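>>> Here is a sequence together with a model predicted from it:
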Amino acid sequence: MEFLKSGIKTVLGGTEPGQQPSAAETVEKLVDRVYSSTLLEDRRDACRALKALSRKYRIEVGAQGMPPLVQVLQNDGQDAEIISYALDTLCNVVTSEEFDEEADNPTVSVNVGEQFTEMFIKTPEHVTLVMGYLDEYDFRVRRAAIQLITSLISNKTRELQDLVLVSPMGVSKLMDLLTDSREVIRNDVLLLLIELTKGNSNIQKIVAFENAFDRLFEIVREEGCSDGGIVVEDCLILLLNLLKNNSSNQQFFKEGSYIQRLAPMFELAQDTEELGWSPQKVSNFHCLLQVVRALVTPSNQQVVVSACQRVMQKSRLLHALCEILMSSGVPADILTETINAVAEVVRGDRDNQDELGRVMAPSSPPRPAIVVLLMSMINEKQLLALRCAVLYCFECFLYRNADGQRAVVQTLLPSSTSDVSALSTGQLLCTGLFSTDALANWFSAVALMHTLVENVALKEELLRVLLATPGGQRPITLLEQCSNLMQQERYRLQSKVGLLMLLSLWLAHCPGAVKALLETQGTMAYLTAQLCSNEHDEREFLVQGMCAFLMGLCIQFNDNSLPGQKREDISQLIIKRIGQESFCSKLAEVSRHEAYSRACKQAQIRAKSAGELLLDYEYCKLYKGLEALIAKLVSGFDVDGIELTELTLSSEASALVSQYKGIIRGMDAQIQTLQQSSKELESENAKLKEKLNEEQTLKAQLSDQNTLLKAQLGATGQVNVQSQGQAAETPAATEEELNAARYQANMYFAENIRLTKELETLRQQLSAEKQRADAAQESLVATQKDQEDLLELLADQEAKLTRFEQATTTTSTTSLSAANPNQVPGEAPVATFPLDESPIPSGTASR
């Protein structure tokens, strides 16, 4: 520190005894020296002093020293030392990091670096000026320029990204620095590119097409792949920035065969279990798994996801992930992320799903990997993140996999060939469903729900599942047991939410399941009691909304086969016991809950605590599609079963409307009659056309036969003439054959004439029928026009009724004012009506 003070005294000169200059005065003198000194050495010394002061007196140096430092960058580019001092000083001023020297300075605010960054980039040429020094090979200059740009991007990311894009060859210069032989420069450039590529697809594309993937893989290989240091992690983070939410780069990555280069990095060495996982290897592996998920996440374009999934299966990357899944000694967070990665690699791809289904765990006896994962899911001792990952993997395994769904349901059905002692997916799900752990109940209910998604046939099959009861009583169905558990008071709220989701998805589009639930004793009474209760807890509101949705499904998909439980009966129960407004209000509670908005965002389940696990993505999708339909269905009836959309008018208006409605109904009946007649005429016309075609075909055949007979007759005559001299003994037989041929020809001629007449008759009938059809069509058009005119007349009459009502109201008010001369000024008049009359409300006529 004494050396620093002596250096500053050398630059500024001695001070008078007893006077200690303040930091602002010192900085001011140094700034003046930078401005006014003609010697390069003096300016260099002043910049060195400003750099030394910038860590402790950042505000003073930044406020006064930024313009002279920029001037140094503009004018003294030939001297590397002064340029490095100027760049380092600017970097200290704009950095967001807090220095130890300024920890006790109360004037330094938290975002002082961001404020100085905003001042610096207000002139875009400043950034271009600093970018120009990236071409300087000198270590001090190049590294200082990189660090200054990194600090600027960290503080003002969007603005700097735009400035770098317009800078000539800006991104290309940065990519060239990745090949710098000095590792410090290369590593700093990696950090700069990580900040630069955040959230900007254009820069991501430029960086990717500047051969970034090849260079990053080369650095990762040189540093030791997943066993490497922090540089490997930086490369993978940059790779993740380039691929995340960028379909162009994802396609380029897939077509460039870079997925095949990822696969070997997931192969674990033989001694990994013995040596253990270092913290850096855990970080590297975590980044590798995130890169894989960035390629196949469900939010990507489906075409890109499917292509990447196929490549991952062929390159044995999926196989390597499954090997990690079944390995021992893998850290919990790596195992969790691996399960999530496997889930998204197999989601919606049948080949990958089948490969996962064939994976066997190295246990005794060997079990399928799916069974082992489900065992972890229902184990309450496992970490919450791991259990959520297993559920997500099971959901992805069943996504658009009808065979996988059927296999799970088959394990619940009785079978003579199955091994009773062997654990199956169905048995594990039932174990979790009936467990005392509320979280296991929720996980199992959601998993079982996903076996029924978009598969109505399996919903019918699941109704056949029977459960044994203690005491040798009759077995009960799985649906009945779920309903009984839902009604128990000791069952926790989270468990009830899981069962309500399972039952709702089970009943949707399955009348058989609706009938089975309505036959279960006490179910409708429980749902009604839940909706009638006035709970003020937010979670209880959610349960009430889900109960309302379940009751609405019992109306929507009811086949009316149960007496007393038909759609109208349940609607009347809602109207009389709950109330339509109350029902619709509680039905909407589901969409108002924060768990709904959280679950709707993505299929993957994310929760920081067990209490956040309430709603599932598939249930929210079902609710979103049917909520409005159920609310409209319930709101369409009143106590007497009359639709509430009908208008209640006065007697005169009702008579007029009824009259017009009668006319419209008559016209509708006439239109339907004419349409039916038109259809019959069209059908008859088609039959006549078909018959006409048959007659024409027959006529052509007869004509051909007639021509052939004529030819045969002529040939027979010639033969007879030639054979008169040779065969005199057979004239009688030849004459007989000739007469028979002539008779047959005459018959054909007569038939031909008859068919011609019949054909002409059919043509006349067809013409007449066409005329009748045209007349019917004209009558139909005229009737429709008359109906439209009547509708317009009805609307005019309704408008007149409304005006008459308004005029009557005004007249009544005026009469009352005249009849009450003693009314207090300013007091509003009160309209009075006879007991047998009422004002006529306005309404809208509906056809």
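It's in.
>>> Where do the strands of the protein begin and end?
Taking DSSP state E as the criterion, the chain carries its strands at 360-361, 367-368, 466-467, 476-477.
>>> who wins for proximity to Ile230 among those strands?
strand 360-361 (34.5 Å; Cβ to Cβ). Just so you know, the C-beta spots here come from the backbone N, C-alpha and C atoms, and that holds for glycine as well.
>>> Redo the strands of the chain as TSV? Include mean pLDDT and distance to Gln115.
Formatted as TSV, the strands of the chain follow (pLDDT from 0 to 100; distance: least, Cβ to Cβ, whole Å):
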stretch	mean pLDDT	distance to Gln115
strand 360-361	92	58
strand 367-368	92	60
strand 466-467	90	68
strand 476-477	92	69
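>>> nearest to Thr756, of those strands?
Nearest of these (Cβ to Cβ): strand 476-477, 74.3 Å.
>>> helices or strands next to that closest one in the packing?
Strand 476-477 is packed against strand 466-467, with contacts defined by 3 or more Cβ pairs under 8 Å, 6 or more residues apart in numbering; DSSP states H and E.
>>> coming back round to it: so which of the strands of the chain is nearest Asn558?
Nearest to Asn558, of the strands of the chain and by Cβ to Cβ, is strand 476-477 at 18.8 Å.
>>> where in this protein is pLDDT low?
For the chain, applying pLDDT under 70 flags the ranges 1-19, 102-110, 415-422, 472, 535-536, 637-659, 714-738, 741, 745, 809-847.
>>> what helices or strands is the longest helix along it leaning on?
With secondary structure taken from DSSP state H, the chain has its longest helix at helix 731-819. In terms of contacts (3+ Cβ pairs under 8 Å, 6+ apart), helix 731-819 is packed against helix 651-722.
>>> what angle sits between the helix it packs on and helix 731-819?
Orientation check (axes from the mean of the first three to the mean of the last three Cα atoms, to 10 degrees): helix 651-722 against helix 731-819 gives 170 degrees.
>>> Any idea how far helix 651-722 is from the middle of the chain?
Relative to its chain's centre, helix 651-722 lies at 54 Å (Cα atoms, centre = their mean, to the nearest Å).
>>> From the contact counts, what lies against that helix?
So helix 651-722, by 3+ Cβ pairs under 8 Å, 6+ apart, packs with helix 731-819.
>>> and the helix it packs on, how far out from the chain's middle?
The answer for helix 731-819 is 52 Å, by Cα atoms, centre = their mean.
>>> ditto for stretch 24-33
For stretch 24-33, the distance to the chain centre is 60 Å (Cα atoms, centre = their mean).
>>> And that stretch, what's buried?
For stretch 24-33, the neighbour count (16 or more other Cβ atoms under 10 Å) marks Thr26, Val27, Lys29, Leu30, Val31, Arg33 as buried.
>>> any chance of the residues you listed in JSON lines, with distance to Leu801 too?
What follows is the buried residues of stretch 24-33, written out as JSON lines (distance: Cβ to Cβ, whole Å):
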{"residue": "Thr26", "distance to Leu801": "91"}
{"residue": "Val27", "distance to Leu801": "86"}
{"residue": "Lys29", "distance to Leu801": "92"}
{"residue": "Leu30", "distance to Leu801": "90"}
{"residue": "Val31", "distance to Leu801": "86"}
{"residue": "Arg33", "distance to Leu801": "93"}
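>>> Would you reformat the strands of the chain as CSV and include mean neighbour count and distance to Ala389?
Listed next are these as CSV, based on neighbours: other Cβ atoms under 10 Å; distance: least, Cβ to Cβ, whole Å:
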stretch, mean neighbour count, distance to Ala389
strand 360-361, 16, 16
strand 367-368, 16, 17
strand 466-467, 14, 29
strand 476-477, 16, 32
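>>> Quick check: end-to-end length of stretch 595-615?
For stretch 595-615, the first-to-last residue distance is 6 Å (Cα to Cα, to the nearest Å).
>>> Can you pull out the residues in contact with it?
Applying Cβ atoms under 8 Å, 6 or more residues apart in numbering, the contact partners of stretch 595-615 are 298-299, 340, 343, 384, 388, 391-392, 395-396, 439, 442, 494, 497, 501, 539, 542, 590, 593, 616-621, 623-624.
>>> Buried residues, that stretch. List them.
So, applying 16+ other Cβ under 10 Å, buried residues of stretch 595-615: Ala595, Tyr596, Arg598, Ala599, Ala603, Gln604, Ile605, Leu613, Leu614, Leu615.
>>> Repeat that for stretch 666-679.
Buried residues in stretch 666-679 (16+ other Cβ under 10 Å): Met667, Gln670, Leu674, Ser678.
>>> ok, the third one - contacts?
Counting by Cβ under 8 Å, 6+ apart, Leu674 makes contact with Ala776, Ser779, Leu780, Thr783.
>>> Over to the first one?
Shown here is Met667, whose contacts under the criterion Cβ under 8 Å, 6+ apart are Thr783, Asp786, Gln787, Leu790.
>>> still on that earlier bit, can you redo the buried residues of stretch 666-679 as a markdown table with distance to Ala795?
Formatted as a markdown table, these follow (distance: Cβ to Cβ, whole Å):
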| residue | distance to Ala795 |
| --- | --- |
| Met667 | 16 |
| Gln670 | 21 |
| Leu674 | 25 |
| Ser678 | 29 |
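>>> Could you write me a PyMOL select line covering just the buried ones among the contacts of Met667?
The following PyMOL line selects those of those that are buried, judged by 16+ other Cβ under 10 Å:
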select buried, resi 783+787
